[in-house]
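**Q** Got a sequence here, can you build the structure:
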Amino acid sequence: MSFVKKTLLIIFLSLLYAGQVSSSKLPLDNLFWNIKDAKIIDELFIVASFEDGEETSFLIRSKDSEEIFMITNKTGLIVEGSEYFFSKMSKKSILLKNASNKKIRISFADADHQSATAKRSTVSTNQDNKPKVRTTMGYSPEDLDLEEAKAIALGLGVPKFLIENLNVLPVRGKSRTGRPGWKLTNKFPAIFFTLTPFKEDDLILTVDGISSHDIALLNDHLKTKGKSGKFAVELQRSGDLKMIEVFMR
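**A** Numbering: from 1, shown residues only. Predicted structure coming up:
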């Protein structure tokens with residue numbers, strides 16, 4: 001075999017081997033991710049997924065309440081008070097991450113069918129300690145109680161004598177971009193708007209970045225920060241977003 005033929009054969013075999021190595025590595029990189037630190041959320045499972053070219057949607061069901069809601073690759077999910085967003089998908093589950101890079105995993109319905117059945121047979125009748133879950137565009141899974149509303153208002157610096165005589169609740173509302181909030185309607189007494197920085201039809205969205213519909217988490221935050229705290233209240237007013245700083249004195 002001539003020198004030229006030998007050289008060409010070596011080049012061909014080298015390219016062939018390199019192609020085999022690269023093609024074997026790519027699928028592994030695409031199909032698997034490190035899930036050792038990804039907590040599996042057992043109380044949720046995916047019943048369907050949809051893709052329209054730009055957006056992928058996931059229909060999620062709660063095993064305990066059987067509530068069904070939808071998230072997309074652009075909207076998040078609130079789990080145990082933290083906001084998670086879609087990161088990756090495999091044939092069996094989706095991976096979500098929060099701002100701190102903490103990971104959770106939600107399985108498709110047929111992936112963990114046996115463990116779901118076993119869990120259903122041993123589930124406790126007391127559901128009070130289960131974490132409350134909602135989408136970032138969803139309302140609180142619980143109704144707002146008047147005493148809870150008063151505690152939140154007091155924590156945000158509303159004068160105590162106003163709260164003592166308050167017998168009206170804000171109503172659920174959504175911002176122009178679909179975020180959930182609590183709307184202060186004209187049913188609130190006029191003096192409430194006179195003696196607070198809020199105005200009629202304000203839609204309260206977040207306090208220090210915590211959604212107003214994460215009621216338990218918000219209550220805990222207000223108690224922890226205490227009366228000497230300074231709070232950033234995000235609201236929508238006349239269609240525009242506004243941030244009000246509330247000082248406790």
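**Q** do you know how far Ala216 is from Gly81?
**A** 8 Å (C-beta to C-beta, to the nearest Å). In short, each C-beta sits where N, CA and C put it, glycine included.
**Q** hmm, I was thinking of Gly181
**A** Taking C-beta to C-beta, one finds Gly181 at 17 Å from Gly81.
**Q** Show the low-confidence segments of the protein, by residue range.
**A** Within the chain, the ranges that satisfy pLDDT under 70 run 1-37, 110-132, 227-229, 248-249.
**Q** let's see it at 80
**A** The chain contains residues with pLDDT under 80 at 1-37, 50-55, 65-69, 81, 110-135, 141-142, 157, 226-230, 247-249.
**Q** how about the strands in it?
**A** For the chain, strands defined by DSSP state E occupy the ranges 38-51, 56-62, 68-72, 77-79, 82-89, 93-97, 103-108, 133-135, 171-174, 180-183, 203-207, 210-211, 230-237, 240-247.
**Q** Packing partners of the fifth one?
**A** Pointing back at strand 82-89 there. strand 56-62, strand 77-79, strand 93-97 (3 or more C-beta pairs under 8 Å, 6 or more residues apart in numbering; DSSP states H and E).
**Q** likewise the third one?
**A** Packing partners of strand 68-72 (3+ C-beta pairs under 8 Å, 6+ apart): strand 56-62, strand 133-135.
**Q** can you tell which of those strands is closest to Leu44?
**A** When those are compared by C-beta to C-beta, strand 56-62 sits nearest Leu44, at 5.5 Å.
**Q** next one: the closest one to chain centre, how far?
**A** Taking the mean of its C-alpha atoms, strand 56-62 sits 13 Å from the chain's own mean (C-alpha atoms, centre = their mean, to the nearest Å).
**Q** what pairs with that strand, and is each one parallel or antiparallel?
**A** Applying DSSP bridges, strand 56-62 is found paired with strand 38-51 (antiparallel), strand 68-72 (antiparallel).
**Q** Could I get the buried residue list for the shortest one?
**A** Meaning strand 68-72. For strand 68-72, a neighbour-count test (16 or more other C-beta atoms under 10 Å) marks Phe69, Ile71, Thr72 as buried.
**Q** Which one of these is nearest to Gly173?
**A** Nearest to Gly173 among the buried residues of strand 68-72, counting by C-beta to C-beta, is Phe69 at 18.2 Å.
**Q** For that closest one, give the beta-bridge partners.
**A** For Phe69, the beta-bridge partners are Ile60 (DSSP bridges).
**Q** May I have stretch 201-218 exported as CSV, CA atoms only?
**A** Only the C-alpha atoms of stretch 201-218 are listed here, as CSV (Å, rounded to 0.1, in the frame of the first residue of the first chain):
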residue,chain,number,x,y,z
ASP,A,201,-58.7,49.8,43.8
ASP,A,202,-55.0,49.2,44.7
LEU,A,203,-54.0,45.6,44.0
ILE,A,204,-51.5,44.4,46.6
LEU,A,205,-49.1,42.0,44.8
THR,A,206,-46.0,41.4,47.1
VAL,A,207,-44.4,42.3,50.4
ASP,A,208,-40.6,42.1,50.3
GLY,A,209,-40.9,40.0,47.2
ILE,A,210,-43.3,37.5,48.9
SER,A,211,-46.6,37.1,47.0
SER,A,212,-49.6,38.4,48.9
HIS,A,213,-51.2,35.0,48.1
ASP,A,214,-48.6,33.1,50.1
ILE,A,215,-50.5,33.9,53.3
ALA,A,216,-48.8,31.7,55.8
LEU,A,217,-45.3,32.6,54.6
LEU,A,218,-46.2,36.3,54.6
